[in-house]
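> turn this into a model:
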Amino acid sequence: MFKKIADIIEVPALRKRVLFTLMCLAVYRLGAAIPIPGINAEALRQIFANQSSSLLGMLNIFSGGALGQFSIFSMGVMPYINASIIMSLLQGAHVIPYLDRLHKEGELGRRKLNQLTRYVTLFLASFQSFGLTIMITKMPTPSGIPVVTDPNWFFYAVTVLTLTTGTVFIMWLGEQMTEDGIGNGISLIIFAGIVNAFPGGMVALVQLVKAEEIGLLRAVFFLAALVAVILSVVWVETAQRKIPVQYAKKVVGRKMFGGSQSHLPLKVDQSGVIAVIFAVSLLAVPMTVVQFMPQSATGQQVASFLQGGSWIYNIIYGLLIIFFCYFYNSVSINPEDLADNMKKSGGFIPGIRPGKPTADYIEWVLERITLGGALFVASIAVLPEIFRRKYSIPFFIGGTALLIVVGVALDTMGQLEAHLIMRHYDGFLKKGRIKQRWFNVGTGG
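Below you'll find the predicted structure:
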């Protein structure tokens with residue numbers, strides 16, 4: 001591992017990308033620690049002390065504790081993710097022909113779509129920051145101390161403007177990291193926020209063991225379960241279903257070309273952490289809406305539902321993850337295009353006719369392996385929270401956080417691997433050391 005790190009340092013272009021990524025993350029962490037003026041920090045701590053298992057606590061983890069301090073980056077990247085969901089749904093549903101045309105225009109169309117996504121992000125950030133400001137001013141504290149010392153119109157205007165600007169800046173920072181750094185910038189920002197909470201949780205666990213509030217055996221069992229979950233997530237994230245592809249022989253002059261065998265790799269969890277992030281972001285929308293009607297009985301019921309982590313909440317959360325797993329696959333993978341490209345290059349799946357039958361077979365395989373991956377991701381996201389409530393784990397370490405951390409880490413390591421191999425260095429994962437695993441579905445496996 002140390003040799004691989006030395007290899008990264010030796011490559012100037014890669015070293016520059018890594019340092020740029022670390023610098024951007026440092027800027028993000030600095031902004032997450034700058035609170036908005038007029039906030040009572042002690043009252044805010046009382047509110048978030050009992051919110052670890054709620055959606056509000058999860059959003060605080062995603063923001064790297066910025067929401068718990070009500071800093072200038074309290075909104076995090078959630079408005080940008082919600083805007084991306086809206087644009088993806090509009091493209092997938094084909095309800096706006098203009099978006100369909102942009103999607104087919106290549107790089108120029110992609111840039112225009114990104115610009116439209118930024119505009120939608122600005123609108124959502126303004127709306128959600130206003131709702132968040134109302135929520136902070138109205139939320140009761142156990143001691144009765146108000147969170148906002150003087151909630152006048154000037155405070156509302158400055159806070160909404162500051163939170164909106166913070167979100168736009170984070171969006172820009174994430175895009176710069178994606179272009180000039182390593183990994184996906186937005187995912188790395190969420191990754192940094194989640195990892196920031198891990199050391200404090202481990203310290204709290206050690207202190208509780210020393211104070212004999214939790215048994216040593218239970219703490220060891222929890223850590224062993226944590227390692228097992230991480231290993232299972234890595235196994236599924238790297239799992240593939242390899243569809244065999246045979247290429248026909250071609251005779252050109254006196255030479256024969258083709259006749260080789262290859263495979264079409266389909267990941268079991270194609271969406272990775274995207275489905276989890278989308279589900280959390282979508283659940284945050286009703287929390288923002290109910291802040292505009294705090295006295296309404298319906299609004300109070302919705303807020304209580306989002307705070308409680310009930311069975312219904314967990315079921316809806318799991319179903320949203322499964323939906324976004326399938327939705328992401330439908331947007332990112334087109335079986336008809338794969339079949340057409342395979343046919344043009346002289347390839348075919350043994351036992352399957354080229355053309356539409358090949359596209360139908362690829363779609364059939366994709367639907368079934370996606371079901372297994374989606375059920376696994378939903379289980380990892382929901383079950384640890386249920387066990388945490390049952391066995392009283394003393395700090396927030398939910399499956400959602402683990403899925404995002406492991407998924408982003410694997411993606412970033414994969415990009416580092418590609419850069420090293422491209423420059424004739426050995427990657428992090430040597431051949432034969434970690435084996436690829438896949439699920440056999442149907443024929444040809």
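> moving C-terminal of the helix or strand of the chain with the lowest mean pLDDT, what's the next helix or strand?
In the chain, no helix or strand scores lower on mean pLDDT, DSSP states H and E than strand 255-258, which sits at a mean of 60. For strand 255-258, the succeeding helix or strand toward the C-terminus, using DSSP states H and E, is strand 261-267.
> list the buried ones in that following strand?
Residues of strand 261-267 classed as buried: 264, 266-267 (neighbour count, 16 or more other CB atoms under 10 Å). In this view, the C-beta of every residue, glycine as well, is placed from N, C-alpha and C.
> shaky segments in the stretch 201-350 of the chain?
Low-confidence segments of the stretch 201-350 of the chain, defined by pLDDT under 70: 249-259, 288, 290-296, 299-300, 303-310.
> neighbouring contacts of stretch 151-168?
Residues outside stretch 151-168 that contact it (CB atoms under 8 Å, 6 or more residues apart in numbering) are 31, 36-38, 71-77, 79-80, 118, 121-122, 125-126, 129-130, 132-133, 137, 148.
> now those residues: which count as buried?
31, 36, 38, 71-77, 79-80, 121-122, 125-126, 129-130, 132-133, 137, 148.
> looking at those residues, which are in helices?
In helices, defined here by DSSP state H, the members of those are 31, 79-80, 121-122, 125-126, 129-130, 132-133, 137.
> mind picking the lowest-pLDDT entry from those residues?
In terms of pLDDT, the lowest of those is residue 137, showing 81.
> ok, residue 201 to residue 158 distance?
33 Å (CB to CB, to the nearest Å).
> try residue 315
Relative to residue 158, and taking CB to CB, residue 315 is found at 40 Å.
> what helix or strand is the residue nearest to residue 332 when sequence neighbours are not counted on?
Spatial nearest neighbour of residue 332, chain neighbours left out: residue 270 (6.6 Å); criterion: CB to CB, 6 or more residues apart in numbering. Counting by DSSP H and E, there is no helix or strand that carries residue 270.
> wait, residue 270 sits on residue 330?
No - with contact defined as CB atoms under 8 Å, residue 270 does not count as touching residue 330 (10.2 Å).
> these two: which is more packed in?
Using other CB atoms under 10 Å as the criterion, residue 270 and residue 330 rank with residue 270 on top: 20 against 16.
> so what does the more buried one look like in phi/psi?
Per-residue torsions, residue 270: phi -70, psi -40 (degrees, to the nearest 10).
> mind listing the strands for the stretch 301-445 of the chain?
Here the stretch 301-445 of the chain has its strands, by DSSP state E, counting those that start in this stretch, at 347-348.
> just the helices in it please.
Secondary structure of the stretch 301-445 of the chain (DSSP state H, counting those that start in this stretch): helices at 311-332, 335-344, 356-391, 399-422.
> which one of those helices lies nearest to residue 14?
helix 399-422 (4.9 Å; CB to CB).
> mind giving me the packing neighbours of the closest one?
helix 2-10, helix 12-32, helix 185-195, helix 216-237, helix 274-290, helix 356-391 (3 or more CB pairs under 8 Å, 6 or more residues apart in numbering; DSSP states H and E).
> what's the angle from that helix to helix 216-237?
50 degrees (axes from the mean of the first three to the mean of the last three CA atoms, to 10 degrees).
> tell me the angle helix 399-422 makes with helix 185-195.
130 degrees.
> quick revisit: pull the contacting residues for the residue nearest to residue 332.
Applying CB under 8 Å, 6+ apart, the residues near residue 270 are 325, 328-329, 332-333, 370, 373.
> next, give phi and psi for residue 106.
Dihedral angles (degrees, to the nearest 10) for residue 106: phi 80, psi -140.
> now swap in residue 355 and tell me
Per degrees, to the nearest 10, the backbone of residue 355 is at phi 90, psi -140.
> pretty sure it sits against residue 341.
No - counting by CB under 8 Å, residue 355 does not reach residue 341; the two are 11.9 Å apart.
> these two: which is more packed in?
residue 355 (14 against 11).
> and the more buried one, how far from residue 260?
From residue 355 over to residue 260 the distance is 21 Å, taken as CB to CB.
> can you check residue 126 too?
On the measure of CB to CB, residue 126 and residue 260 end up 56 Å apart.
> also residue 138?
Distance from residue 138 to residue 260, by CB to CB: 66 Å.
> and those two? Which one has more around it.
More crowded of residue 138 and residue 260, by other CB under 10 Å: residue 138, with 14 against 11.
> so residue 278 makes contact with residue 324?
Yes - when contacts are counted by CB under 8 Å, residue 278 is listed as touching residue 324 (4.5 Å).
> okay, and the common contacts of those two?
Joint contacts of residue 278 and residue 324 (CB under 8 Å, 6+ apart) do not exist.
> isn't residue 317 right up against residue 380?
No - in this structure, residue 317 is not within contact of residue 380 by CB under 8 Å, at 11.9 Å.
> tell me how many other residues surround residue 339.
Using other CB under 10 Å as the criterion, residue 339 is surrounded by 24 other residues.
> measure it to residue 360 for me?
From residue 339 to residue 360 the distance is 9 Å (CB to CB).
> got phi/psi on residue 104?
Main-chain dihedrals, residue 104, degrees, to the nearest 10: phi -90, psi 0.
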